[in-house]
Structure formats: C-alpha cells, structure tokens
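# Give the three-dimensional model of this entry:
(one chain, ligands or ions: 2)
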Amino acid sequence: MSTTPDTDDFFATVATKSDSGALRGDYSGADANYVVPQHWDRYTPEQHALWRRLYQRQAKLIPGRACDVFIDSLKALDVSQGIPRFDRTSEALQRATGWTLVAVPGLVPDHTFFEHLANRRFPVTVWLRQEHEFDYIVEPDVFHDFFGHVPLLFNPVFADHLQEYGRGGLKALKLDGLACLARLYWYTIEFGLVQSEQGLRIYGAGILSSGGEVEYCLTSDKPRRIPFAAERVMRTLYKIDSYQETYFVIRDFEQLFNDTAPDFTPFYERLKTLEPLPANSLLPGEIDLPPLR
Ligand code: HBI
Ligand code: FE
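Ligands and ions are numbered 1, 2, ... in the order given. Got it, this is the predicted structure:
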C-alpha cells in the first residue's frame, strides 16, 4: 500500500517520486503559459498502439461504472484508434462549451494551471507513458489528461464549474488557500463519484484513466464514500500513489457547481485553525455510503 504520507503538495511529491527527481517532459520550447506545440506527427506507431491498448482496457471497464455523460462524450470523441490531435478536438470542444485544449510539457505551476482553467483552456500533457507504466504512472500523461479529463469538458455544467474552479484557484493563491483548493480538485475532478438512478458512478479523471481503481472505488469495502461537502473536502488530506481511502459523492454536477460557487475566503480562515483530516477519516455523524452492488 501507500508509502508516502497523506500529502498536500502534489508537485513536490511527484518530483521526488520520479527517478530523476525532476518533472518529465521537455519544457524548453514552452511559452510564457507553458504551452508547447503538440507535434502530433512525432508520435510513433508503437505509441499509437500503446494508446489503443490503454483505451481498450478502459473502454471495457467503464460501462456501468463511469457516469453516462462521460461514456456518451467519449464515444462522440472517437479517439480509440490512436493519440488524438488536440487542435481537432479543440474545434469540437469550442463549439460545445467554449473550451479549447492547450498542449503542455507536463505539470505546470499552479498559477499557470488556474489561469488556463479560468480562460477555458484545458492543459493536456503531450507525452505518453512507456510500456512499463501501463498500469500505473505518477505524473499525468496524455492518456490521463485526454481520456480522463476531456470528455467531461463537453458537459456545459461541468465546463462552467471548471472555469469557476480556475478563477477560485487564482483567488486561493492570494489567500494562501492553495492546499484547500488542491484537495477540492483531487476529490472531485480527479477522484469524484456521483449518484445516478442506477447507483454510484465515476466522474473523476484519475479513476477513469486507471486500470484497477475503476472497480475498487465503487465496490470495495475498504474506502469511505462520503456525501460531498466542500469544507470537509478541503480539510481532508489525500494519497497520491495508492487507491484513495475516501471518495466524496456528489448528487449531480449542479451540486458541484453550486456548492463551490460561494466565496471560499471564510473557509480558508476557518480551516487554518483546524488540523487537516487524515485520508481515511470518518467523523461522528457522517454517512459512509454503501458500495455499489
Ligand atoms: N498541471 N498540467 C497540469 N495538470 C494538472 O492537473 C495540474 C497542473 N498543475 C497544478 C495542478 N494540477 C494542481 O496544483 C491543481 O490540481 C490544484
Ligand atoms: Fe488530472
């Protein structure tokens, strides 16, 4: 199981975890917003084949587990045959919700990341994992970013939420609220679950792009599944290199949008006076929702 403690600093942990101690990716050609050309023609046939195998593995896992919006949108994207061209997807995405994709060398500084989201630009990493990382990768690669995150950008409510999240992130940086916002992102955009008429479903990109967590998050008896509450989420530490010990469950994307729309300044003040909660906490009176049967 996890060796790293519950953590707050995604970047620092990732950098220590990668063998070179630095971030992967070629940042040399990046502009002031860390944007690079995708160089789609440089991907090799082997990389496109690896993409297809990653895609096929997830496509088999998600029926009955991913939320319908994700499944329908992924189908419409039609990217099963190889690494997609970001500019083509951006054309369709722009028409749907006004978002575009920007190619980045990998993780970018928080301020840059939030600036992109606040302007309806989603950063997508250009490099693809290697064969030996088929089952697990620490840093987001093009498969995680594109397969995991892009489909939901076609949903208007989710797209609006993510822009508000970006705006909130820029504010949080000024109010020393970054740790809270990073936890919110982690437990929703990356590892969020949502209710549906058929029961629990997944919308978090970190789960949808992973091999083993898709089943685990819905049916295992180990993790907590707690109804979403913004302040509780912002107080809860998370794991970056093992399955989550807690998942937060929203009723629908409208709740995600509405519950994260208020000004979080009072939260940051209050949370500064409280100890962060370990990733496997269950507070008195909290509901631990049953796994999907
Ligand atoms: N950069 N490319 C990229 N992708 C991310 O998901 C990302 C990032 N920089 C910062 C960041 N995420 C986190 O700080 C946010 O999740 C809060
Ligand atoms: Fe991600």
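
# Find the least confident helix or strand in the protein, judged by mean pLDDT.
Taking mean pLDDT, DSSP states H and E as the measure, the chain has helix 10-17 as its least confident helix or strand, at a mean of 60.

# Could you identify the helix or strand that succeeds it?
Going down the chain from helix 10-17, the next helix or strand is helix 45-61, by DSSP states H and E.

# What are the contacting residues of whichever helix or strand comes after that next one?
Sequence order places helix 68-77 as the next helix or strand after helix 45-61, per DSSP H and E. If you take C-beta atoms under 8 Å, 6 or more residues apart in numbering as the criterion, helix 68-77 is touched by 59, 62-63, 66, 84, 89, 92, 147, 150-152, 154-155, 158, 196, 201-203, 208, 253. Every C-beta, even on glycine, is put in place using the N, C-alpha and C of the backbone.

# Quick check: ChimeraX command selecting the buried ones in these.
Burial among the contacts of helix 68-77 is assessed by 16 or more other C-beta atoms under 10 Å; the matching ChimeraX selection reads:
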select :62,66,84,89,147,150,151,152,154,155,158,201,202,203,208,253
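
# Nearest spatial neighbour of the most centrally placed residue in the chain, chain-adjacent residues omitted?
By C-alpha atoms, centre = their mean, the mean C-alpha position of the chain lies nearest to residue 190, the distance being 2.8 Å. Distance criterion C-beta to C-beta, 6 or more residues apart in numbering; nearest residue to residue 190, sequence neighbours excluded, is residue 206 at 3.8 Å.

# Tell me which helix or strand that neighbour sits in.
helix 205-208.

# The residue of the stretch 151-293 of the chain found nearest ligand 2: how many residues sit nearby?
Residue of the stretch 151-293 of the chain nearest ligand 2, by C-beta to the ion: residue 205 (4.8 Å). By the criterion of other C-beta atoms under 10 Å, residue 205 has 23 neighbours.

# Just to check, it is in contact with residue 185?
No: counting by C-beta atoms under 8 Å, residue 205 stays clear of residue 185, with 10.2 Å between them.

# Would you mind stating the distance between the residue nearest to residue 270 when sequence neighbours are not counted and residue 130?
Nearest residue to residue 270, sequence neighbours excluded (C-beta to C-beta, 6+ apart): residue 231, at 7.3 Å. Plainly put, residue 231 is 40 Å away from residue 130 if you go by C-beta to C-beta, to the nearest Å.

# more crowded one of these two?
Per other C-beta under 10 Å, whichever of residue 231 and residue 130 has more neighbours is residue 231, with 16 against 12.

# Surely the more buried one is in contact with residue 274?
No: shown here, residue 231 and residue 274 do not form a contact pair, counting by C-beta under 8 Å, at 9.4 Å.

# Work out for me the element the residue in the stretch 51-200 of the chain that ligand 2 sits nearest to sits within.
Taking C-beta to the ion, ligand 2 has its nearest neighbour within the stretch 51-200 of the chain at residue 140, 4.8 Å off. For residue 140, there is no host helix or strand (DSSP H and E).
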